[in-house]
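A.B. asks: This is a predicted model, with the sequence first.
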Amino acid sequence: MARSASPTDGGVNARVQSLAFRGWWEDRATAAREARRYARIFGRNAASVAGLGLVVAFLLIALVGPWIVPYPEDATGTVHLDRKLEAPSRAHWFGTDEVGDDVYTRVVLGARLSLQIGLVITLVAATIGVPLGVVAGYVGGRLGEGIMRITDVFLAVPALVLAVAVVSALGPGIVNAMLAIALVWWPGYVRLVQGKALAISQESYVEAARAVGVGRLRIAFVHLLPNCLSPILVKASMDMGTAILTAASLGFIGLGAQPPFPEWGAMISHGRNYLPTWWW
């Protein structure tokens, strides 16, 4: 016969819930104090504040670019031969290029394109590299050894040189350039996640999951992967800038974005021909 719940049981449950809430609240308060402390330390560093300001300004320009440029049609390949190579003026802040397009418009909209390029490259590279790193770090065996040897082969060749080779085989273009860079970018994520997964695999909660019969792949992607996110996010944020520069390098040598895309590398490559006479 089942025992009916007594008032004592209700009091115990309420006390347990109260203690759980108090523990949760104390954890949140501790995290808030740590965040405020780090914010104060960050605010005292002038270089950090300046860098944050530049990043925020770049993001804002990329987000609102289409609504703040005076000639948005100039990013689509329109030709205005009647105003080509005009000097900077109130109508054209940065002047015009060889086909009469407003340079200011193309520079601002190029920020949006560059941000998209960096995001796509980073996401594709992380999507390839992170799962492979988790498998190599925890599952191991011949599969893990094979993944790491392939990773070492890719890491042995400079990324830009390999990207040039890949995009040369695929053909010039913005999509091929992003694909080529992403295909040579993933080994860094494999190496990072593999080392982190090896360290986490020795933790007690992983041993407990293994002891109760949880599968290796489930442990790898449910228990290990979430604990690898912090270094992954740090690396991804650092890689975005390098990915943008690499894409601009490919555009500069004619293997990246092709006209009329307002991509910075391609714009610099075309503009250098007019630098001695029309510097803008």
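C.D. replies: Thanks, I have the structure now.
A.B. asks: show me the contacts for Val134.
C.D. replies: For Val134, the set of contacting residues under the criterion of C-beta atoms under 8 Å, 6 or more residues apart in numbering consists of 193-194, 197, 220-221, 224-225, 228. Every residue, glycine included, has its C-beta placed from N, CA and C.
A.B. asks: again, only this time at 6 Å
C.D. replies: When the contact criterion is C-beta atoms under 6 Å, 6 or more residues apart in numbering, the partners of Val134 are 193, 197, 220, 224-225.
A.B. asks: Which of those has the largest number of neighbours?
C.D. replies: Across the contacts of Val134, the neighbour count under other C-beta atoms under 10 Å reaches its highest value at Val193, namely 28 neighbours.
A.B. asks: Check the secondary structure at that residue for me.
C.D. replies: helix (DSSP: H, G, I helix; E, B strand; the rest coil).
A.B. asks: ok, now how distant is it from Gly141?
C.D. replies: 17 Å (C-beta to C-beta, to the nearest Å).
A.B. asks: can you check Tyr274 too?
C.D. replies: Separation of Tyr274 from Gly141 (C-beta to C-beta) stands at 59 Å.
A.B. asks: same question, Tyr189
C.D. replies: With the distance defined as C-beta to C-beta, Tyr189 ends up 20 Å from Gly141.
A.B. asks: ok so, going back, which one of Tyr274 and Gly141 has more residues nearby?
C.D. replies: Between Tyr274 and Gly141, counted using other C-beta under 10 Å, the more crowded position is Tyr274 (13 against 10).
A.B. asks: Report the next helix or strand after the helix or strand of the chain with the lowest mean pLDDT in sequence order.
C.D. replies: Counting by mean pLDDT, DSSP states H and E, the chain has its least confident helix or strand at helix 7-44, which shows a mean of 65. Under the assignment DSSP states H and E, the closest C-terminal helix or strand after helix 7-44 is helix 46-68.
A.B. asks: And the contacts of that following helix?
C.D. replies: The contact list for helix 46-68, computed with C-beta under 6 Å, 6+ apart, reads 42, 72, 108-109, 111-112, 115.
A.B. asks: I'd like the mean pLDDT over it, please.
C.D. replies: Per-region confidence: helix 46-68 scores 84 on mean pLDDT.
A.B. asks: is it true that Ile219 touches Ala209?
C.D. replies: Yes - with contact taken as C-beta atoms under 6 Å, Ile219 and Ala209 are classed as touching, separated by 5.3 Å.
A.B. asks: between these two, who's got more neighbours?
C.D. replies: Set Ile219 next to Ala209 and count neighbours by other C-beta under 10 Å: Ile219 wins out with 21 against 18.
A.B. asks: Could you pull up the contacting residues of that one?
C.D. replies: With contact set as C-beta under 6 Å, 6+ apart, Ile219 has these partners: Ala209.
A.B. asks: i'd like the first residue to be 14 from this point on
C.D. replies: Shifting the count to begin at 14 puts that one at Ile232.
A.B. asks: Skipping adjacent residues, who's closest to Phe274 in space?
C.D. replies: The shortest distance from Phe274 to any residue other than its chain neighbours is 5.9 Å, reached at Ile187 (C-beta to C-beta, 6 or more residues apart in numbering).
A.B. asks: In terms of secondary structure, what does the helix or strand hosting Leu258 contact?
C.D. replies: Per DSSP H and E: Leu258 is located in helix 242-265. Counting contacts by 3 or more C-beta pairs under 6 Å, 6 or more residues apart in numbering; DSSP states H and E, helix 242-265 packs against helix 116-147, helix 187-213, helix 277-284.
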